[in-house]
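Q: give the three-dimensional model of this entry:
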Amino acid sequence: MFEKFEEMDDEFAKLLRRVNPPRVVFDNDTCEDATVIQVDSVNKHGILLQVVQVLTDLDLVIKKAYISSDGGWFMDVFNVIGRDGKKVRDHQLISYIQERLESDDDYLQPSLKGTVGLVPSEKHTCIELTGTDRPGLLSEVCAVLADLQCNVVNAEIWTHNARAAAVVHVTDNSTGFAIEDPKRLATIKELLCNVLKGNNALNTAKMTLSPPGTTHRERRLHQIMFADRDYERVETSERGGVHTKTSRPNVIVADCTEKDYTVITLRSKDRPKLLFDIICTLTDMQYVVYHGVVHTGTMEAYQEYYIRHVDGVPISSEAERERVMQCLEAAIERRGNEGLELELCAEDRVGLLSDITRVFRENSLCIKRAEISTKGGRARDTFCVTDVTGSPVDPKTVDAICRQIGQGLLHVKWNSSSSPKPQQESTISFLLGTLFRVKTISTFLD
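A: Okay, here's the model as predicted:
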């Protein structure tokens, strides 16, 4: 019976959309330092996430946003710039964004709520992993895949609160395509689960295959870690890199009884894809953003949202309020700027990732986050690392790793919070990071 009502809702939404098609307007004249994108459409749960996802996937930086989706109509305004800090003027890019946001396919895409699960596509096999984080875990996983003749073509790995999650795309080394043999897939699953469990058989470890073409990788990582309850804080003092109370984002969940909303305000360090992480979490927790405002400064971001549950009811219990605060803190911290960023650019080959992560492990580095990609036979991998205690990496260790991996292959982004800069100039190629300058919220609200 409920399925029948859902079908009727979808049909009604399609009718409204045909009568009132979405409209995407680009304006490069109104704002002096950003492109203004206005999106008008019939409202539907998840549409805000779809819009933000399209913009962030194109590496656009959202400097400000004004969100309004009350009364069945969605009208949002985004001030965006490119990673180069300039306005969006590329006509091909503008046309692509308009086509994506005005497409019926994006608007009516299926829900991405499935459990952690797994099936190969034609091009690659998508593996999802989750388990307890520990030094050298990624190195062990990569070694197993290399021994099984699996080539890692793309991957993203997150760690947070003593948990680790990964979405890995692999191909068969001999064919270059997905691995389809059930026996071989079973062997891969068994060996990877053994690695994820480590020496503690009680650890929760999962290795599954996900259906192709249905999951946005970063959204899936949020879902995996949320399902693994990484938002529940683990009291530990063994790692200096764990987020301290003073460095955590400031999340407040309050009541707006006059308008029957729950108000969420967030203050945190600004970083790429911050807005996506927040909206993704609220959407997957089945909350609807009715109104919102986002302002970002040089290093800080302020966000304010008026929300209700999908059933139209605001947050009503202290337990739910606390859970929302914990989940939003976790969403911000999962890919916060913890550690030193290393970028590898090299000719791709089977076992490359295994060799690189082994060098990191042998030099007592912990990988906090990683993004693996290959294009045109070239590997472009980014790692965020600390030492085994969670402290900044010693520059001498970095020099030693660069020499082991090869001259000019590893580039290092130094910043004031990840590691001290070398005392003297090195022959290794370094990408200088931006010195962080924290400003108050009032600075960019003026």
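Q: for burial, what's the neighbour tally of the closest residue to residue 43 other than its chain neighbours?
A: Once flanking residues are discounted, residue 43 sits nearest to residue 74: 4.2 Å by C-beta to C-beta, 6 or more residues apart in numbering. Using the backbone N, CA and C atoms, a C-beta is placed for each residue, glycine as well. Neighbours of residue 74 under the rule other C-beta atoms under 10 Å: 19.
Q: got a list of what residue 74 touches?
A: 39, 40, 41, 42, 43, 44, 47, 48, 68 (C-beta atoms under 8 Å, 6 or more residues apart in numbering).
Q: name the strands paired with the helix or strand hosting it and say parallel or antiparallel.
A: Under the criterion of DSSP states H and E, residue 74 resides in strand 73-81. Strand 73-81 sits in its sheet next to strand 35-42 (antiparallel), strand 61-68 (antiparallel), going by DSSP bridges.
Q: among those, which is nearest residue 102?
A: strand 35-42 (8.4 Å; C-beta to C-beta).
Q: report the buried residues of stretch 143-154.
A: The neighbour-count check on stretch 143-154 (16 or more other C-beta atoms under 10 Å) flags 143, 144, 145, 146, 148, 150, 151, 152, 153, 154 as buried.
Q: among those residues, which are located in helices?
A: 143, 144, 145, 146 (DSSP state H).
Q: pull out the buried residues from the contacts of residue 74.
A: 39, 41, 42, 43, 44, 47, 48, 68.
Q: now for those residues: which two are most distant?
A: 44 and 68 (14.5 Å).
Q: and residue 236, what pLDDT?
A: As predicted, residue 236 sits at a pLDDT of 52.
Q: likewise for residue 71?
A: 73.
Q: surely it forms part of a helix?
A: Yes - under DSSP: H, G, I helix; E, B strand; the rest coil, residue 71 sits within a helix.
Q: chain center to stretch 339-357, what's the gap?
A: 20 Å (C-alpha atoms, centre = their mean, to the nearest Å).
Q: from now on call the first residue 212
A: Done: numbering now begins at 212, and the last item shifts to stretch 550-568.
Q: end to end, how far does that stretch reach?
A: From its first residue to its last, stretch 550-568 covers 16 Å (C-alpha to C-alpha, to the nearest Å).
Q: same question for that stretch: list its buried residues.
A: 550-553, 555, 557, 559, 562-565, 567-568.
Q: reformat those residues as a markdown table; add pLDDT.
A: As requested, the buried residues of stretch 550-568 are exported to a markdown table (pLDDT from 0 to 100):
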| residue | pLDDT |
| --- | --- |
| 550 | 88 |
| 551 | 94 |
| 552 | 94 |
| 553 | 95 |
| 555 | 95 |
| 557 | 93 |
| 559 | 90 |
| 562 | 89 |
| 563 | 92 |
| 564 | 93 |
| 565 | 93 |
| 567 | 95 |
| 568 | 95 |
